[in-house]
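In: structure of the sequence below:
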Amino acid sequence: MSNQGAVTVLIEIHGKDGQEHEARDALLHAIRTSEKPGLISSTEYEDLADPGAFYAIQVWENAEAFRAHMDDAARSGMNEAIQVLREHPRTAVLRTIG
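Out: Predicted coordinates:
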């Protein structure tokens, strides 16, 4: 498999006050249980300075695979997980330079 078209995706979520654990669990559940064709790797993080902030850094075969996954997630109930968040998850699709 060639990684020439690979992209790195940064996902950032912030749990509502009092629902930080639910937000963390929702992020981990979404990443570990849904099928993700094109996902190469995913690592999840929590912010030590902000107990409600969580991040995932994912590597995808290409941007199209990530977009297809997000379209599928939106159709399959991602909105339920968003209920414990202060705001909609932020994502950045990144490509290496240089």
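In: going forward, measure contacts and count neighbours with C-alpha atoms only.
Out: Fine.
In: look up the closest residue to Ala56, ignoring the ones flanking it.
Out: Counting by C-alpha to C-alpha, 6 or more residues apart in numbering, Ala56 lies nearest to Glu44, which is 4.2 Å off, once chain neighbours are set aside.
In: same check, this time on Arg24
Out: Phe54 is the one closest to Arg24 (C-alpha to C-alpha, 6+ apart), at 6.8 Å.
In: who are the contact partners of that neighbour?
Out: Phe54 makes contacts with Glu12, Ile13, His14, Arg24, Glu44, Tyr45, Glu46, Asp47, as judged by C-alpha atoms under 8 Å, 6 or more residues apart in numbering.
In: do me a favour and average the pLDDT over the helix or strand where it lies.
Out: In the assignment (DSSP states H and E), Phe54 maps to strand 53-60. Taken as a whole, strand 53-60 has a mean pLDDT of 97.
In: within the sheet, what are the partner strands of that strand, with directions?
Out: Strand 53-60 has its sheet partners listed here by DSSP bridges as strand 7-14 (antiparallel), strand 39-46 (antiparallel).
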